[in-house]
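> Starting from these lines, generate the structure:
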Amino acid sequence: MDSLHQVEIKASPEAVFKAITEQEGIASWWSEHTKAEAKEGFVNEVSFYGGMYLTSLNFI
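As a prediction, the model looks like this:
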């Protein structure tokens, strides 16, 4: 199932890209427990509640 969301963000495209693809960027606004790389094929992982809930994002 695909999901599409559109939001307006007052930031440069470069800053937004870093915030949603880099480990430090994701950790700054979502969860500190993040494994992420802005690399094709890498599966970013974000966990919550001591690892009880894990979500993954495929970087394509």
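> Give me the buried stretch members for stretch 18-32, please.
Neighbour-count burial for stretch 18-32 flags Lys18, Ala19, Ile20, Thr21, Glu22, Gly25, Ile26 (criterion: 16 or more other Cβ atoms under 10 Å). Heads up, the C-betas are built off the backbone N, CA and C, glycines and all.
> mind checking the longest helix of the chain?
helix 13-21 (DSSP state H).
> Dump the buried residues of stretch 18-32 into TSV; add distance to Asn58 as well.
Written out in TSV, the entries for the buried residues of stretch 18-32 read as follows (distance: Cβ to Cβ, whole Å):
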residue	distance to Asn58
Lys18	18
Ala19	18
Ile20	13
Thr21	12
Glu22	16
Gly25	17
Ile26	14
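> Would you mind checking which of the residues you listed is nearest to Ser56?
Ile26 (12.1 Å; Cβ to Cβ).
> show me where the chain has strands.
Secondary structure of the chain by DSSP state E: the strands cover 34-35, 43-48, 53-58.
> Could you list every helix and strand that the first one packs against?
When you say that, I think you mean strand 34-35. Helices and strands in packing contact with strand 34-35 are listed as helix 23-29, strand 43-48; criterion 3 or more Cβ pairs under 8 Å, 6 or more residues apart in numbering; DSSP states H and E.
> Using PDB, write out the CA atom coordinates for the first one.
It refers to helix 23-29. Extracted C-alpha coordinates of helix 23-29, given in PDB (Å, rounded to 0.1, in the frame of the first residue of the first chain):
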ATOM      1  CA  GLN A  23      20.600   9.500  10.800                       C
ATOM      2  CA  GLU A  24      21.200  12.700  12.600                       C
ATOM      3  CA  GLY A  25      18.400  14.400  10.800                       C
ATOM      4  CA  ILE A  26      15.800  11.800  11.500                       C
ATOM      5  CA  ALA A  27      17.000  11.600  15.200                       C
ATOM      6  CA  SER A  28      16.500  15.300  15.500                       C
ATOM      7  CA  TRP A  29      12.700  15.200  14.900                       C
END
